[in-house]
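Peer 1: Next one to model:
(one chain, ligands or ions: 2)
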Amino acid sequence: MSQVVLSIRDLHKIYAGGVHAVRGVSFDVHEGESVAIIGSSGSGKSTVLRCINRLIEPTEGAILLRDEQINTPSADVNEVRSRIGMVFQSFELFAHLKVLDNVTLGLRHVRGMSKEEANEVALEVLGRVDMLERVDAYPGNLSGGQKQRVAIARALAMKPEVILFDEPTSALDPELIGSVLQTIRGLADEGMTMVIVTHEINFARDVADRIVYMDHGQVAEEGPSSIVNEPKSDRLKKFLSSINEEH
Ligand SMILES: Nc1ncnc2c1ncn2[C@@H]1O[C@H](COP(=O)(O)OP(=O)(O)OP(=O)(O)O)[C@@H](O)[C@H]1O
Ligand SMILES: [Mg+2]
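Peer 2: Ligands and ions are numbered 1, 2, ... in the order given. The predicted model follows:
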């Protein structure tokens, strides 16, 4: 078995208002693996990702990046974030910066690269997401799908050990979803280690090596992508049929 990159162990999160959003979640992500997290709204998917990236602190439990615990006061948050890429539903690009400069920003300020070095890396990753023709555009002049591909390039540029995606296509018009899914699929084929929260069940089935199904803050079922065709638990069966009814 390949090396474990990320290990989530008995994670709990109780928000200030008392909501126990995550209740003992554990799973591992191996080198080169794509893990999809699925589950209904409010099941705690984003909370898990936000804990991993240290946007919020878990109430209990451990998060290990290559065997080193990262949710401790002594672990450097900026270092953790430079090793774990994150792509959100809303792209969060800087509107006043051109595409190229959105991608080079972290390289120059976090990695300390010169402008020339940063530009070289940025052009390489923008090529991988098929955005080379728009390097001089401002985000306001891009489609949602293009913005999301720039956000993916920005994450890739930092050469993270793992990238977390939180519903990367849910803010997009239907006709723009395909290009973003295609980009993520390409990264999976290249062996990028990824955790993808998605409500695109077909995409999860086709691209993910493993699926984690969350319900009420817990992992209710976990297994190879075939579990969406042959769910074992009643909870996953119910969830899948509720999605089918929506379509
Ligand atoms: N900042 C917060 N303060 C208090 N409660 C929160 C906060 N963020 C989320 N919650 C609650 O925690 C629970 C889990 O939320 P979370 O955003 O992790 O779910 P999710 O699975 O990502 O849902 P969705 O599919 O709608 O994005 C929900 O009940 C939510 O209302
Ligand atoms: Mg969410």
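
Peer 1: tell me which parts of this structure are close to ligand 1?
Peer 2: Contact residues, the chain versus ligand 1 (C-beta under 6 Å from any ligand atom): Y15, G17, V19, A21, G39, S41, G42, S43, G44, K45, S46, T47. No exception for glycine: its C-beta is placed from N, CA and C like everyone else's.

Peer 1: Neighbours of the fourth one, how many?
Peer 2: Around A21 there are 21 other residues, counting by other C-beta atoms under 10 Å.

Peer 1: likewise the fifth one?
Peer 2: G39 sits with 24 neighbouring residues when counted by other C-beta under 10 Å.

Peer 1: And the pLDDT at the nearest residue to it once chain neighbours are set aside?
Peer 2: Of all residues not flanking G39 in the chain, M214 sits nearest, at 3.6 Å (C-beta to C-beta, 6 or more residues apart in numbering). Note on M214: pLDDT of 98.

Peer 1: and the helix or strand harbouring M214, what other elements does it pack with?
Peer 2: Element membership of M214, judged by DSSP states H and E, is strand 210-215. Here strand 210-215 touches strand 34-38, strand 218-224, helix 234-246, going by 3 or more C-beta pairs under 8 Å, 6 or more residues apart in numbering; DSSP states H and E.

Peer 1: now it and helix 234-246, what's the angle there?
Peer 2: Angle, strand 210-215 to helix 234-246, by axes from the mean of the first three to the mean of the last three C-alpha atoms, to 10 degrees: 90 degrees.

Peer 1: next structured bit after the helix or strand where G106 lies?
Peer 2: Assigned by DSSP H and E, G106 falls within helix 99-109. Beyond helix 99-109 in the direction of the C-terminus, DSSP H and E gives the next helix or strand as helix 115-128.
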